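[1] Predicted model and sequence follow; I will ask about them next.
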Amino acid sequence: MRRFLVYGNRYWESMRNSLENVIIIFRNVWQSAVRMLLYAVFQVKAMLKIQRVINVSNAPPVSLKREKTGDWEIKQGSGGLVACVDPVMSKDHENLWLANLGMNINDKKNKRPGSVASIPESLSFPSTNTLGLPLIKQTIAEVFFHVLADDDMDAPKNEKQKKAREEMSLLGVLNNYNRGNYKLNPVVVQEEDYNVYYGGISNGLLWPALHNLPEYIVSEYNDEKILRSHWCAYVRVNYQFAIDAVRNSRPQDFIWIHDYHLMLVGMIMQSLDQHLEVGFFLHIPFQPPGEFFSKYSTVGFAVLRGLLRFTKVGFQTHRDRTKYIELVQHYFGTAKIVYDSKMDIYSVTNEGWTCSLGVFPVSIKNDDFLKFVDLPETIKLKNEIRKRVMGENPPQDGRFFFSVERFDYTKGIMEKLQAYKRYFEKHPDRIGKDVLYQIAVTNRRSVDTYRVYQDECIELADKINETFKSTENPTWKPLIFQTDGLQRSELVAAYLAMDIGVVTPKKDGMNLVAKEMLVCNPKAGLVLSTGAGSEIQFTTAGLYTEKEKNYHRIANVFDADAYCDAFYAAALEPEDMRAEHGKRLHEFIMANDIERWSSAFLDPSWTHEVIRPTQVIFNYISRSSPATIELL
Ligand SMILES: O=P(O)(O)OC[C@H]1O[C@H](O[C@H]2O[C@H](CO)[C@@H](O)[C@H](O)[C@H]2O)[C@H](O)[C@@H](O)[C@@H]1O
Ligand SMILES: O=c1ccn([C@@H]2O[C@H](COP(=O)(O)OP(=O)(O)O)[C@@H](O)[C@H]2O)c(=O)[nH]1
């Protein structure tokens with residue numbers, strides 16, 4: 001019995017031990033499972049958050065107007081950059097857009113921002129850091145006041161406080177906007193610097209130089225001292241954008257910098273944080289003349305070098321990327337250049353940094369335009385526009401030519417007017433029949449070259465209307481010239497009302513108007529110049545060959561004779577032929593929606609450096625900045 005009890009105890013003891021072991025094993029397995037689960041959740045969270053895009057551009061996607069009441073009104077902005085980037089950003093409310101709001105604030109009380117007239121005569125040379133870049137001055141305290149928004153305040157004590165309050169109410173409007181959209185954060189820049197950066201270096205030098213129109217570079221830059229001091233302001237503003245971009249980014253974000261205003265941001269960001277993936281897209285051509293690297297070398301070489309410090313760079317056309325690679329080869333002899341023909345990507349390694357360079361022709365979000373086409377109010381407006389332009393009883397064979405663009409010398413408006421004048425001289429049979437409706441939206445008047453150009457164009461437009469009259473059609477006017485822009489709904493109605501779209505820039509990064517015209521109105525004819533990136537894209541796609549010419553091509557906008565013959569051919573083209581060509585262009589644009597552009601640019605597979613979730617976790621462990629802690 002005792003033996004039995006001993007065995008019984010031992011049995012229970014071993015049973016208890018086994019049970020304890022099972023519990024320990026179970027507990028370990030459970031703990032490991034929980035740990036693995038937490039790790040997996042962490043990974044998924046990191047992977048999910050990898051999608052955030054931080055977009056950085058000079059101009060914001062909105063325009064702001066102060067009402068008579070003093071309240072701010074916020075509206076969707078226009079312009080090519082906004083038209084193509086906004087759909088990408090709208091996909092996720094977590095995305096963030098950093099931009100300066102100054103240019104898009106329409107506040108008549110204040111003097112116009114971006115005015116070169118307010119450029120200080122002499123800007124002192126600032127001291128430089130180890131990279132040889134100027135140090136930014138401490139931004140004056142008042143410009144930060146607007147972040148202290150508080151609605152329950154006493155009446156302002158003085159003017160300074162009153163101004164600060166006004167900025168606060170603007171912040172309130174922005175906060176509202178951010179609740180229903182992706183986030184929009186203002187980049188605060190000193191006004192003096194901003195004017196020099198925007199009206200001086202960006203639009204007085206980089207814009208004309210990169211469009212290969214050196215005759216429009218402002219004459220002040222013949223003076224090396226002015227050039228260098230203005231360049232310092234450009235660098236300071238780029239610093240401000242770069243600092244804000246770094247502050248607002250997490251390692252897994254993709255930071256996307258846009259356009260010629262911000263060409264040094266990649267270089268500055270890399271010097272602040274090497275873990276960030278920073279892409280750059282150039283919306284304008286890259287065709288600098290030789291003097292960009294001789295007369296304006298301070299700027300020329302910095303720009304060439306600055307682009308190589310982005311992780312990836314996108315150009316609109318092969319024409320522009322080829323030019324860039326040729327210049328890198330020429331000036332940076334030690335740079336290692338590799339071409340991947342399968343991907344059509346160049347990798348350039350220079351000074352220890354590697355950059356991938358691709359070609360991504362920008363487009364539009366077709367649905368954003370097509371949704372207006374069949375609306376009864378659009379049809380009504382289309383009929384009204386046609387009547388207003390062509391008259392009550394137009395001749396049956398009269399043609400409605402339509403152009404719409406910013407009032408910019410790159411758009412070839414002067415050359416178009418000269419060719420249009422020549423048209424009626426050479427083909428008088430068109431007098432009393434055809435009308436050109438030209439919308440040239442006034443902009444950048446703060447830059448001297450723009451003001452002069454715009455005034456000269458308006459003078460020529462008046463002359464055309466004075467010169468050509470029709471006795472058979474006495475109310476006929478050959479030209480309607482308008483400097484106010486149209487809202488998108490009105491623009492679509494005008495596209496539908498026209499017979500022939502005229503898009504003839506001297507040089508243009510892409511030109512979205514050409515695409516919008518044919519998406520909305522496949523029956524329309526198109527006169528298109530070889531300076532437009534869209535023309536290069538259409539030719540590459542086989543839409544203009546010896547056998548099949550789907551538009552009227554202008555090879556040289558300065559050749560008024562050949563240009564006006566293209567007007568003539570377009571006016572006489574039978575409607576069924578015109579519609580057949582229009583349909584081909586329409587189908588091509590429909591198949592190459594903006595979605596294709598953005599997903600191709602954002603696709604991580606074409607760059608040498610992809611930030612992966614594991615790397616994000618590693619970064620999280622090894623870094624302690626607040627941005628990474630947010631990952632948890
Ligand atoms: O901001 P602004 O000075 O008033 O100028 C408006 C924008 O004009 C430019 O647009 C370019 O981008 C388009 C889209 O890629 C392209 O189709 C066009 O050919 C280009 O000229 C400029 O690049 C933007 O930065 C300006 O905001
Ligand atoms: O009165 C106007 C004139 C232009 N646009 C828009 O501005 C953009 C112009 O882009 P584009 O690429 O043709 O030239 P950019 O002005 O960017 O150089 C297009 O999306 C047009 O629809 C507009 O909304 N209203």
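    Great, that's in hand. Ligands and ions are numbered 1, 2, ... in the order given.
[2] Now the helix or strand containing residue 358: buried residues?
    Residue 358 is part of strand 353-359 when elements are defined by DSSP states H and E. The neighbour-count criterion (16 or more other C-beta atoms under 10 Å) identifies 353, 355-359 as the buried residues of strand 353-359. All C-beta spots, glycine's among them, are computed from the backbone N, C-alpha and C.
[3] So for the chain, the centremost residue is which one?
    The geometric centre of the chain, computed from its C-alpha atoms, lies nearest to residue 81 (C-alpha atoms, centre = their mean), at 2.8 Å.
[4] Get me the contact residues on this protein for ligand 2.
    78-80, 83, 404, 406, 439, 441, 485-486, 488, 491, 510-513, 516 (C-beta under 6 Å from any ligand atom).
[5] Now narrow those residues to whatever sits close to ligand 1.
    Those of those which are also neighbours of ligand 1 are 79-80, 510-512, as judged by C-beta under 6 Å from any ligand atom.
[6] nearest to ligand 2, of those residues?
    Set against ligand 2, the nearest of those by C-beta to the nearest ligand atom is residue 80 (2.3 Å).
[7] so that closest one makes contact with residue 283?
    Yes. The pair residue 80 and residue 283 qualifies as a contact (C-beta atoms under 8 Å) at a distance of 6.6 Å.
[8] Give me the common contacts of those two.
    Counting by C-beta atoms under 8 Å, 6 or more residues apart in numbering, the common neighbours of residue 80 and residue 283 are 362, 509-510.
[9] which other helices and strands contact whichever helix or strand the residue nearest to the centre of the chain is part of?
    Under the criterion DSSP H and E, the helix or strand holding residue 81 is helix 80-89. Taking 3 or more C-beta pairs under 8 Å, 6 or more residues apart in numbering; DSSP states H and E as contact, the helices and strands that helix 80-89 lies on are strand 53-57, helix 512-520, helix 594-602.
[10] Would you mind naming what in this structure lies close to ligand 1?
    By the rule C-beta under 6 Å from any ligand atom, the part of the chain lying against ligand 1 is 59, 79-81, 84, 259, 283-284, 362, 443-444, 508-512.
[11] on that earlier part again, export the ones next to ligand 1 among the residues of the chain next to ligand 2 to TSV and tack on pLDDT?
    Output for those, formatted as TSV (pLDDT from 0 to 100):
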residue	pLDDT
79	77
80	84
510	97
511	97
512	97
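[12] can you list the residues you listed in CSV and add neighbour count?
    Output for these, formatted as CSV (neighbours: other C-beta atoms under 10 Å):
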residue, neighbour count
79, 17
80, 19
510, 26
511, 26
512, 23
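[13] Give the full set of residues in contact with the residue of the chain found nearest ligand 1.
    Taking C-beta to the nearest ligand atom, ligand 1 has its nearest neighbour within the chain at residue 80, 2.6 Å off. Taking C-beta under 8 Å, 6+ apart as the contact definition, residue 80 lies against 283, 362, 509-512.
[14] do the same with residue 458
    Residue 458 is in contact with 481, 483, counting by C-beta under 8 Å, 6+ apart.
[15] That one is in what secondary structure piece?
    Here residue 458 is assigned to helix 448-467, by DSSP H and E.
[16] What's the mean pLDDT across stretch 178-187?
    Per-residue pLDDT values over stretch 178-187 give a mean of 87.
[17] I meant stretch 582-601, not that one.
    Averaging the model's pLDDT scores along stretch 582-601 yields 95.
[18] buried residues in that stretch?
    Within stretch 582-601, the residues that count as buried by 16+ other C-beta under 10 Å are 582, 584-586, 588-589, 592-594, 597-598, 601.
[19] Name the surrounding residues that touch it.
    Outside of stretch 582-601, the residues that reach it under the criterion C-beta under 8 Å, 6+ apart are 84, 87-88, 256, 279, 281, 312, 314, 358, 360-366, 515, 518-519, 521-526, 538, 541, 543, 548, 550-551.
[20] Can you flag which of the residues you listed belong to helices?
    With helices defined by DSSP state H, the entries of the contacts of stretch 582-601 inside them are 84, 87-88, 366, 515, 518-519, 538.
[21] If you rank these by neighbours, which is first?
    residue 518 (31 neighbours; other C-beta atoms under 10 Å).
[22] if I read this right, that residue contacts residue 528, doesn't it?
    No. Checked against C-beta under 8 Å, the pair residue 518 and residue 528 is beyond contact range at 9.9 Å.
[23] quick one: common contacting residues for the two?
    Between them, residue 518 and residue 528 share no neighbouring residue, with contact defined by C-beta under 8 Å, 6+ apart.
[24] circling back to that earlier point, list the buried residues in the helix or strand following the helix holding residue 458.
    Of the helices and strands lying after helix 448-467 in sequence (DSSP H and E), the nearest is strand 479-482. Buried positions in strand 479-482, judged by neighbour count with 16+ other C-beta under 10 Å: 479, 481.
[25] Quick check: neighbours of strand 479-482 in the sheet, parallel or antiparallel?
    strand 435-441 (parallel) (DSSP bridges).
[26] Quick one: work out the angle between the strand it pairs with and helix 448-467.
    In terms of direction (axes from the mean of the first three to the mean of the last three C-alpha atoms, to 10 degrees), strand 435-441 departs from helix 448-467 by 160 degrees.
[27] can you tell me which residues contact residue 483?
    Under the criterion of C-beta under 8 Å, 6+ apart, the neighbours of residue 483 are 407, 439-442, 454, 458.
[28] hmm, back to that, and the strand holding residue 358, which strands flank it?
    Partner strands and pairing direction for strand 353-359 (DSSP bridges) are strand 312-315 (parallel), strand 345-350 (antiparallel).
[29] Please identify the most buried of those.
    strand 312-315 (a mean of 26; mean count of other C-beta atoms under 10 Å).
[30] Can you give the distance from it to the centre of its chain?
    For strand 312-315, the distance between its averaged C-alpha position and the chain's averaged C-alpha position is 13 Å (C-alpha atoms, centre = their mean, to the nearest Å).
[31] How about stretch 527-541?
    Its chain's C-alpha centre and that of stretch 527-541 lie 19 Å apart, by C-alpha atoms, centre = their mean.
[32] What residues sit buried inside it?
    Residues of stretch 527-541 classed as buried by neighbour count (16+ other C-beta under 10 Å): 527-538.
[33] which other residues reach that stretch?
    Contacting residues not belonging to stretch 527-541 are listed as 285, 316-319, 361-362, 401, 412, 500-512, 514-515, 544, 550-555, 557, 566-567, 570, 585, 588 [C-beta under 8 Å, 6+ apart].
[34] hang on, the earlier thing: the next helix-or-strand element following the helix holding residue 81 pairs with which strands, and in what direction?
    Downstream of helix 80-89, the first helix or strand assigned by DSSP H and E is strand 96-99. The partner list of strand 96-99 in its sheet, established with DSSP bridges, is strand 53-57 (parallel), strand 183-186 (parallel).
[35] so which of those is the most packed in?
    strand 53-57 (a mean of 23).
[36] which residues of the stretch 101-250 of the chain fall in strands?
    Shown for the stretch 101-250 of the chain, the strands assigned by DSSP state E, counting those that start in this stretch span residues 105-106, 183-186.
[37] Wait, a helix at residue 420?
    Yes. When the secondary structure is assigned by DSSP: H, G, I helix; E, B strand; the rest coil, residue 420 falls within a helix.
[38] nearest residue to it other than its sequence neighbours?
    Distances taken as C-beta to C-beta, 6 or more residues apart in numbering place residue 436 nearest to residue 420, at 5.7 Å, with adjacent residues excluded.
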